[in-house]
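>>> Take a look and give me a structure for this.
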Amino acid sequence: MMSLPMGANTSIGNPNTNVHVEFPAGSNIDITALQIYSGGKVRGDGDMCFYNQPSISDGAVKFEQTSTGATFFLNLSQIPQDAEKIVFTATTDDTNPFSALNGRLALSLDSTHIEISCEGREERALILAEIYKRNGAWKIRHVGQGFNGGLKAIAEHFGIEVAAPSDAPVTRPSPAPKTVAPPKVNLSKVSLTKNESRISLKKEDGRFGKIRVNLNWNQKKKSSGLFGMGKSGIDLDVGAFVEGIDGTVTAVQALGNTFGNYSSFPYAFLNGDDRTGATTDGEWLEINGEQWSKLRRVLVYAFIYEGSPDWRETDGAIRILVPDQPEIEVRMNEHGSRDGMCAVALLENEGGQIRVNRENRFFKGHRQMDEAYGWGMKWVAGRK
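A predicted model of the protein is given here:
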């Protein structure tokens, strides 16, 4: 059984396969599979497979409840051609977050195993995993994205209408002056491009929870042995320049073992370092969004520590996951730069909001990128 860490993906060999989801016994959890189309949305209620609708797409996705979870029977060759992916979600009741459960959630498909610990998860809805088609082949990705708003938030994320409860009689108030509501952020995946390069995220209290930044890339196998001559693959690393509201600056990265600190400045922590390019739990950067008011800006970057600097070859992408906000993606394969450093996204504190700017600027190294953005740090050679 291969354990698939958060953010990693792997191929699915057999289009006729089963997905098993398990949760702690006695838990009040609903498991659902959603058929997603262009724009990251369902087309309607007919794209939801769960206990109340156990079969969709003429049996391409079937649901079966078990005492400690659910099983989905999949025939991927029968999935509608215009469907982009199948997403597996878990929701608790409206009162208890996942942290109230004892144990973990587990999802398995063939020899692939995904595990999500409930410890510290204050969300009431989770995207466990997604099955998607890439270059004609089906893959599964461990997502692990949470929503503090529970069922309503995750439903809006995928374009599902949720009826509001109406137990009490309706009392019609006196007409009030009309006010224009601020536009709501569309909770679907947002890909920042040259033409659409910016998005602002807002919370009334300015507390954004745990902001997770994932670096993912084309994890090609290393050549080895006699004919491979020991040629190594690319070691692609994620890092961040952080500036506090008081002007204090630092870098968070594996190089130099400056992994940061989540609970005090820089309020950012590198969760691991993937030296192999294989499916490990590395390349996750966590930013303490509860302390966003103490930060001025965070520059997220990727750099090629080992291997040939060819960004098109890496097919790299940065994903920024903020609870109750759209997933933000910035891809780094649009430029054939031979420079080894890429400034990917700049997060700026704009009146308590998070303004995310797509950068995609390439540099020879840290010093050149520092000078371009005016961080003013001193640089010496380092290793990890």
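
>>> The helix or strand where Val330 lies: partners in the sheet, and parallel or antiparallel?
Assigned by DSSP states H and E, Val330 falls within strand 328-331. According to DSSP bridges, strand 328-331 forms sheet pairs with strand 190-191 (parallel), strand 317-321 (antiparallel).

>>> What average pLDDT does the first one get?
So that's strand 190-191. Regarding strand 190-191, the rounded mean pLDDT is 80.

>>> Least confident secondary structure element in the protein?
Across the helices and strands of the chain, the lowest-confidence element by mean pLDDT, DSSP states H and E is helix 225-228, at a mean of 33.

>>> sorry, back to before: quick one: the strands paired with strand 328-331 as a markdown table, columns for mean neighbour count and distance to Asn96 too.
Where you see a C-beta, it was placed from the backbone N, CA and C, and this is true even at glycine. Formatted as a markdown table, the strands paired with strand 328-331 follow (neighbours: other Cβ atoms under 10 Å; distance: least, Cβ to Cβ, whole Å):
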| stretch | mean neighbour count | distance to Asn96 |
| --- | --- | --- |
| strand 190-191 | 16 | 30 |
| strand 317-321 | 23 | 22 |
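
>>> Ok, which of the ones you listed comes nearest Asn14?
Distance to Asn14, taken as Cβ to Cβ, is lowest for strand 317-321 among the strands paired with strand 328-331, at 26.9 Å.

>>> could I have that closest one exported to PDB, CA atoms only?
Coordinates of each C-alpha in strand 317-321 appear next as PDB, following Å, rounded to 0.1, in the frame of the first residue of the first chain:
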ATOM      1  CA  ALA A 317       2.600  24.900  -9.800                       C
ATOM      2  CA  ILE A 318       2.000  26.700  -6.500                       C
ATOM      3  CA  ARG A 319      -1.400  26.200  -4.800                       C
ATOM      4  CA  ILE A 320      -2.500  28.500  -2.000                       C
ATOM      5  CA  LEU A 321      -5.200  27.100   0.300                       C
END
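
>>> what's it in contact with?
Strand 317-321 is contacted by residues 7, 145, 211-217, 238, 300, 302, 327-333, 344-345, 347, 356 when judged by Cβ atoms under 8 Å, 6 or more residues apart in numbering.

>>> quick one: that strand to chain centroid distance?
Mean C-alpha position of strand 317-321 versus that of the full chain (Cα atoms, centre = their mean, to the nearest Å) differs by 6 Å.

>>> next one: stretch 108-122
Distance of stretch 108-122 from the chain centroid (Cα atoms, centre = their mean) equals 15 Å.

>>> hang on, the earlier thing: check which element follows the strand holding Val330 along the chain.
Downstream of strand 328-331, the first helix or strand assigned by DSSP H and E is strand 341-350.

>>> in its sheet, what does that following strand sit against?
Partner strands for strand 341-350, per DSSP bridges, with pairing direction: strand 295-306 (antiparallel), strand 353-363 (antiparallel).

>>> for those strands, which one sits closest to Ala251?
Nearest of the strands paired with strand 341-350 to Ala251, taken as Cβ to Cβ: strand 295-306 at 9.2 Å.

>>> Buried ones in the closest one, by neighbour count?
Leu295, Arg297, Val298, Leu299, Val300, Tyr301, Ala302, Phe303, Ile304, Tyr305 (16 or more other Cβ atoms under 10 Å).

>>> how about the fourth one, what does it touch?
So the one you mean is Leu299. Neighbour list for Leu299: Ala240, Phe241, Ala343, Ala345, Leu346, Leu347, Glu359, Met369, Tyr373, Trp375 [criterion: Cβ under 8 Å, 6+ apart].

>>> What is the neighbour count of the residue lying closest to Gly376 once chain neighbours are set aside?
Excluding the flanking residues, the one nearest Gly376 by Cβ to Cβ, 6 or more residues apart in numbering is Val249, at 6.6 Å. Applying other Cβ atoms under 10 Å, we find 16 other residues in the vicinity of Val249.

>>> What of the one 5 residues further on?
The burial count assigned to Ala254 is 22, neighbours taken as other Cβ under 10 Å.

>>> Once you drop chain neighbours, what's closest to Ser27?
Nearest residue to Ser27, sequence neighbours excluded (Cβ to Cβ, 6+ apart): Leu101, at 5.3 Å.

>>> Thank you kindly, that will do.
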